[in-house]
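Peer 1: sharing a model prediction with you, sequence too.
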Amino acid sequence: MFDFDATLPLMAVQFLVLTAILNAVFFKPLTKVLDERDDYIRSNDREAAERLAKTEELARQYEQELADTRKEAQAIVVAAQSEAQEISNGRIAEAQKEAQEAREAAAAEIAREKEAAMQSLEQEVSALSHQMLEKLLG
């Protein structure tokens, strides 16, 4: 079927020369472009991973700062409420004290007026009883 004459080695040499030429002209530049593209993709992927890590770190820091700020704000609110409650309690106690003093003063005033009224009534009763005695005795 096949003739193994001088054309077989010539075809083999032509095949090897064609392979060398295609390798030099087509495959090496194509491989170089593919390698450059692969390097570019890897570098972009690495940079993206670094940026993602940095972004996650910043987000974690901001969340921590936000949590700290919320705690501080809550502490300030609690302190302000406590202070307001103390002021309110102090004013209420002062008002109660003043009301108690006013009640005691009013009670003392009522007692004095009652005593004065009683003395006045006793004098009038005494005067009326003397008048009645004088009219009865004549």
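Peer 2: All right, it came through fine.
Peer 1: distance of L10 relative to R91?
Peer 2: 117 Å (Cβ to Cβ, to the nearest Å). Using the backbone N, CA and C atoms, a C-beta is placed for each residue, glycine as well.
Peer 1: so for the lengthiest helix in the chain, mean pLDDT?
Peer 2: Counting by DSSP state H, the longest helix found in the chain is helix 28-137. Regarding helix 28-137, the rounded mean pLDDT is 94.
Peer 1: which strands and helices sit next to it?
Peer 2: On a contact count with 3 or more Cβ pairs under 8 Å, 6 or more residues apart in numbering; DSSP states H and E, helix 28-137 meets no helix or strand.
Peer 1: gap between that helix and the chain center?
Peer 2: 18 Å (Cα atoms, centre = their mean, to the nearest Å).
Peer 1: can you count the residues close to L52?
Peer 2: If you count neighbours by other Cβ atoms under 10 Å, L52 ends up with 10.
Peer 1: use 195 as the first number from now on
Peer 2: Okay, residue one is now 195; in that scheme the one you just asked about reads as L246.
Peer 1: quick check: it vs E257, distance?
Peer 2: 16 Å.
Peer 1: for K226, same thing?
Peer 2: Distance of K226 to E257, given as Cβ to Cβ: 46 Å.
Peer 1: do the same with Q268
Peer 2: Relative to E257, and taking Cβ to Cβ, Q268 is found at 16 Å.
Peer 1: please put the alpha-carbon coordinates of stretch 273-286 into CSV.
Peer 2: Listed next in CSV are the C-alpha coordinates belonging to stretch 273-286 (Å, rounded to 0.1, in the frame of the first residue of the first chain):
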residue,chain,number,x,y,z
ALA,A,273,-26.7,59.1,82.7
ALA,A,274,-29.0,62.0,81.6
GLN,A,275,-32.1,60.1,82.6
SER,A,276,-30.5,59.3,86.0
GLU,A,277,-29.5,62.9,86.5
ALA,A,278,-33.0,64.1,85.5
GLN,A,279,-34.5,61.6,87.9
GLU,A,280,-32.3,62.8,90.7
ILE,A,281,-33.2,66.5,89.9
SER,A,282,-36.9,65.5,89.7
ASN,A,283,-36.7,63.6,93.0
GLY,A,284,-34.9,66.5,94.7
ARG,A,285,-37.5,69.0,93.5
ILE,A,286,-40.3,66.7,94.5
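Peer 1: alright, I will stop here.
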